[in-house]
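Participant: Give me a model of this one.
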Amino acid sequence: MKKIIIFTTLIVLLSACSQASIQEPKFEDLKNHVHIVKSATDEGLFVNHTSYQYKENVKLRTKQGDKIEPSDIQAGSLIEYKDTGMVMESYPSQGTIKSVTLYDDQLSRKIEKGIAHFLTEDANNETIGYKLVALENDLLTIEFTDYFDTEKVYSATINLESLEFEVTPL
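Facilitator: Presented below is the predicted three-dimensional model:
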């Protein structure tokens, strides 16, 4: 009986330690690992320069492993994804998504809110290939390209508190 109590206590302690070790990512981690969703529907999403459809048994999860629905992924969401590896050479490219991991921690949600506002309000919404560049205080900088001329690169600085932004060509 004493062994069972010790074993149970050990499992509870290990479980608590593993939950405590889940940390919010730092901006540099996000910058190096996530992709920004331009648009999303229940059938798929547009990310980078590619329009993806969801594979039949697509795995949709949060970074913590919780299952999500396609409607949880929106314009501005920060994700990691795996595709089937086959992309059609159309423009934009077309592919199929096998799995999506949504970053839903506090920092990621704050960044997502700013980017979503930018994507909604930007008068020139003919841009693609968004990527995180810098975060200083509440000023987020992202870069992206023109949909019709990918040689044209732009930068946007978004105030994550006021949601005001400024776009400049690079």
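Participant: Any stretches of the protein with poor pLDDT?
Facilitator: For the chain, residues meeting the criterion pLDDT under 70 lie at 1-22, 123-124.
Participant: and the lengthiest strand in the chain, what other elements does it pack with?
Facilitator: Secondary structure of the chain read by DSSP state E shows that its longest strand is strand 50-62. On a contact count with 3 or more C-beta pairs under 8 Å, 6 or more residues apart in numbering; DSSP states H and E, strand 50-62 meets strand 44-47, strand 78-88, strand 93-102. Bear in mind the C-beta positions are built from the backbone N, C-alpha and C, glycine included.
Participant: Can you tell me what sits against the longest one?
Facilitator: With C-beta atoms under 8 Å, 6 or more residues apart in numbering as the contact definition, strand 78-88 has outside contacts at 30, 33-37, 45, 47, 50, 52, 55, 73, 93-103, 108, 111-112.
Participant: and residue 118, which of the helices and strands packed on strand 50-62 is closest to it?
Facilitator: Nearest to residue 118, of all the helices and strands packed on strand 50-62, is strand 78-88, at 13.6 Å by C-beta to C-beta.
Participant: Can you give me the buried ones in that closest one?
Facilitator: 78, 79, 81, 83, 87 (16 or more other C-beta atoms under 10 Å).
Participant: if we take those residues, which one ends up nearest to residue 145?
Facilitator: For these, the residue nearest residue 145 by C-beta to C-beta is residue 87; the value is 17.4 Å.
Participant: now the closest one, which residues is it bridged with?
Facilitator: In this entry, residue 87 is beta-bridged to residue 95, by DSSP bridges.
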